[in-house]
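[1] this one's sequence-less:
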C-alpha cells in the first residue's frame, strides 16, 4: 500500500519539481519572482489539450507543441514584461509579472470558460506489476518523461557552455559579463528553458488528472514557490530533489493525516524553512539578496 | 443609511472602493518600513471571520465587533511580525504568502466558522457605507499626520537603510512591529466591513490574488506617500466602471459612421472588448498593470507629485 | 566623572577560523581624539561594528563611561551616547539633508516609540508639533556647523561626495553622542578637503565629544590625534602618541609594502 502512495508521491513531486525548476532558474539569473510562471504551466496544458483534440496529435505531439508554445510565451514575457521595466525599483518587475499572470489567466477564462476540461487518455492503458506495486502505463510515462527531462536539464546546466553561462549569471551579472557571457541572451535562454519545461509539466499534469482548468496555474505557482525555497533559491538540482520530496510528504501526510491538512503541512514546511533555513535544504545558488 | 441620497448600485461601488482603500492602507503601513507583505488578505480574513463570530454568535453590536476584530487581527499581526523582523525581500514575500495560505486552509477546515461551506448568514450592516467612509477618512488623516511626523520619517529611514537607521538610534524592532501590527489591524477592519456587507465569506474569498491585488493598489498608486494607496485603490477599483462608461460613449457613435470596413471591425472589437464580463475586465486590468510599470514605475503619486501640487503651502512653512 | 570614556578589555571576534579582532584592550580618554590605524584588513571596521553593537563580540568587555555595555541592539548603544559614521557612506538616499539630520534627533526627542506615535497623532490640526519645530531648528543649526545649511532641501543621494561625508557626521552628531566613531572620514578627499576636515574634527571635539578615528591618511592622523593605537591582523601592535608611533619599528614594518608615509 505504501508503495502505491510512493508512486503517487513521486508523480506529484515530479510535477512540483518541473514547475519549481522554472521559478528557481529565473530567480537565479534575475533575482526576480516570476509570478506568471504558474500560468505558463496552465497554458501548456491547454495547448496540449488543443493539439490532442483538434490537431489529432498524439501525446508526443502535444508535449512538443506545448513546450514550443510555452517557450515562445517565455520569450514574449521577456520582451513585454521584463526588459522594458526598470530593475532598480524592486517591486516594479514583480507587479509587471503579476499583471501578466492576470492577463494570461483571464485570457484562458475568456477563450475557454471557467470550467474544467477533460483531458483525454492518449496512452493505451496497461497495468504493469513491478514487485509489490501496480503501475499504469500513464504513470510510467509521466514519471519517465519528467525524470528524463530533469536529468537532461541537470546535464545541460552542469556540462554545457550555456549551462555554465547560466550559472555564471546566477552568481553575478557583472562578473559574468566580464567573462564574456551575454547576460541578456542567457536570461532569455533561461526563460525559454523554464517556460518550455513548465509547458511539458502542464500537459503531464493534464494527463495525470485527466482534466485541466484555467485556474490550475495558481496552485502550481504556490507549490512551485515552496519547492523553490525548499531546494534553495537558484538551485536547480535542489529544486528537483525538493519537489520530489514535497510531493511524497504531501501524499504520505494526506494518506495518514487527512487531505485538507496536507496543504497546511506544506505551508508549515514553508514557514519553518523560512525561519530556520532560508538558504533551503541544499543551499542557494544566486548572488544573495543584493 | 444614505438610501435616499444615493442609489443602491452606487452605494455598492462606493463601499467596495472604500474597502479597497482600507486594504491598500493595510499594505502601506508595513511597507512604509520596507516590509512587503502579500499576506494582508489573510489578516482581512481573520477580521472578517472574527467579526462574523462576534456579531452572529456572540450577539455583539457591529460597532463593538469591528474594533474587536481589528484588535485580534492586529495582535496576530504582531505575532507574525516577530519572525518577519529578520526576513527580507523575497523571503518575506513568501512568508506572508504562506501565512495567507495557512489562514485559508484553517478557514477551510474549521467547522465552527463554516469550514468548506463558508460562513453564511452574517448579519447585514445597513450602515456599512457610513462606517467605510468614516474609516477611510480617519486612516487618511492618520497617515497624513504620520507622514509629516518624526515617527513617519523614522519609518522611511528604516525602509531606505535599516542598519543605518538602527545605528542612528531608531528603535527599528519596535517600529517594524508596530507597522506590521497596524497593517494587520487595518486589514482586519477591511475584512470585517466586507463580511457584514457581503454576508457570506469562505476560504476562497480572501485568497492569494486578493493579497496580490492589494499590493498592486499601492505600487500603482505610489508607495512613497500616503495618497498613493488612496489613488491606487480608487483608480483600480473604479477602472471597470470607467471602462464601462467608455463603452456607453462608444455606443453613442452614429451607426452610419461604422457601417464600413474597417470602422465596423474596430467598433465591434472595442465594443466587445469593453464588455464587462469579469475575464475581459481583468485582462485589461492586467495589461494596465504591465503598462504602468513600464511608463510610471514609481506609481501615480510620488513625493514630487505631491510637492508640485502643494508647492505654495509647503514653501511658506519652510521659508 | 570618569577619565576614561571607553575601555576595551580583551575584545575578540572570530569569523570562522580567523580572528578579525584578537584580544584587543585599549582605553580612550575622555575628550581625546584617538586614532586607530593599521593596514587594510587589520580589523578596524570590525572593531567599530563591535562597539556599536552591529556585531556581537565572542569574548571581552566594553565599558563606556564606567558602565559595561552589553546591549544587543545598536539603537540602545546609540541612546547611551555612541554614534558613528560609515566607511562606505550609508545615507538614506531619498531623504533630504534636513530630514536626514532630523532622523538623528529622533531618538533624543522621542526616547519611547509611543511618545513618537502620540506626537504624530495628537499634533495640532494645522501647523506642526512643537517638537517638530524644535527638531528642525536644531537640525538647521547643526547643518550650519557643517556648512550644509543651504542644501537643506537637497536629496541626500544627490549631494557631492564631500558633502555626503559631512552629512553623515552631522547626522551622527544629531544623536548627541559623547563618543563619536569616524570610519575613514577622509577617504576620497583631496588635500584641501582633508585640511578642512582636520579643523572640523577638532571643533567637534571642542563641543565635548570624544572621538575615535579610523583613518589611512597619515597626515590627518598624525596632525590631530592625541593618541594612536595600531592594529595588524586584529591585534594591537603599538600604542602611543603620534611621535612615538612614527618611531615604532613594529609599526613601520607592518606598513612595509603599503603605499604610506608615516
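    Done, it's in. Note that the structure is predicted; figures quoted are calculated from it, not measured. Numbering: from 1, shown residues only, chains lettered A, B, ... in the order given.

[2] please name the residues that touch residue C:233.
    By CB atoms under 8 Å, 6 or more residues apart in numbering or on different chains, the residues touching residue C:233 are C:19, C:22, C:41-43. No exception for glycine: its C-beta is placed from N, CA and C like everyone else's.

[3] and the buried ones among the residues you listed, selectable in ChimeraX?
    Filtering the contacts of residue C:233 down to the buried ones (16 or more other CB atoms under 10 Å in any protein chain shown) takes a single ChimeraX command:
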select /C:19,22,42,43
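
[4] need the contacts of residue C:233 in JSON lines with distance to residue A:243, can you?
    Formatted as JSON lines, those follow (distance: CB to CB, whole Å):
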{"residue": "C:19", "distance to residue A:243": "42"}
{"residue": "C:22", "distance to residue A:243": "46"}
{"residue": "C:41", "distance to residue A:243": "43"}
{"residue": "C:42", "distance to residue A:243": "47"}
{"residue": "C:43", "distance to residue A:243": "44"}
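
[5] need the max-distance pair from the contacts of residue C:233.
    The most widely separated members of the contacts of residue C:233, counting by CB to CB, are C:22 and C:41 (12.8 Å).

[6] residue of the stretch 51-200 of chain C with the smallest distance to chain A?
    Closest approach between the stretch 51-200 of chain C and chain A, counting by CB to the nearest CB: residue C:93, at 10.9 Å.

[7] give me phi/psi at the residue nearest to that residue when sequence neighbours are not counted?
    Counting by CB to CB, 6 or more residues apart in numbering or on different chains, residue C:157 is the residue found nearest to residue C:93 once chain neighbours are left out, at 3.7 Å. Dihedral pair for residue C:157: phi -70, psi -20, per degrees, to the nearest 10.

[8] now do the SS call for residue C:7.
    Here residue C:7 is strand, with the state taken from DSSP: H, G, I helix; E, B strand; the rest coil.

[9] now do the contacts for it.
    Listed by CB under 8 Å, 6+ apart, the contact set of residue C:7 reads C:26-28, C:61-64.

[10] coming back round to it: closest to residue B:190 out of the contacts of residue C:233?
    When the contacts of residue C:233 are compared against residue B:190 (criterion: CB to CB), the nearest one is residue C:43, at 51.6 Å.

[11] burial count for the closest residue to that closest one other than its chain neighbours?
    Spatial nearest neighbour of residue C:43, chain neighbours left out: residue C:234 (3.9 Å); criterion: CB to CB, 6+ apart. Residue C:234 is flanked by 23 other residues according to other CB atoms under 10 Å in any protein chain shown.

[12] cool, and residue B:67?
    Here the count is done by other CB under 10 Å, and residue B:67 has 16 residues near it.

[13] quick one: whichever strand or helix holds it to chain centroid distance?
    Assigned by DSSP states H and E, residue B:67 belongs to helix B:62-84. Centre-to-centre, helix B:62-84 and its host chain are 17 Å apart (CA atoms, centre = their mean, to the nearest Å).

[14] is that helix anywhere near chain A?
    Yes: Helix B:62-84 lies within reach of chain A by CB under 8 Å from any CB of the partner chain, at residue B:83.

[15] closest one of the contacts of residue C:233 to residue B:253?
    When those are ranked by distance to residue B:253 (CB to CB), residue C:41 comes first, at 74.4 Å.

[16] contacts only, for that closest one.
    residue C:233.

[17] that one and residue C:234, how far apart?
    Distance from residue C:41 to residue C:234, counting by CB to CB, to the nearest Å: 9 Å.

[18] kindly report the same for residue C:197.
    Counting by CB to CB, the gap from residue C:197 to residue C:234 is 27 Å.

[19] show me what contacts residue A:9?
    Neighbouring residues of residue A:9 by CB under 8 Å, 6+ apart: A:244, A:247-252.

[20] mind redoing it with 10 Å?
    A:2, A:244-255 (CB atoms under 10 Å, 6 or more residues apart in numbering or on different chains).

[21] what do you get for residue B:208?
    Contacts here follow CB under 10 Å, 6+ apart; on that basis residue B:208 touches A:35, A:218-219, A:221-222, B:38-39, B:41-42, B:97, B:100-101, B:104.

[22] how about the strands in chain C?
    In chain C, the segments counted as strands under DSSP state E are C:4-15, C:18-29, C:33-37, C:59-64, C:67-68, C:82-84, C:179-183, C:210-214, C:227-232, C:235-240.

[23] what about the third one and chain B, any contact?
    No: Strand C:33-37 lies out of reach of chain B by CB under 10 Å from any CB of the partner chain, never closer than 17.9 Å.

[24] next, the angle from that strand to strand C:4-15.
    20 degrees (axes from the mean of the first three to the mean of the last three CA atoms, to 10 degrees).

[25] and strand C:33-37, what's its mean pLDDT?
    Across strand C:33-37, the average pLDDT comes to 93.
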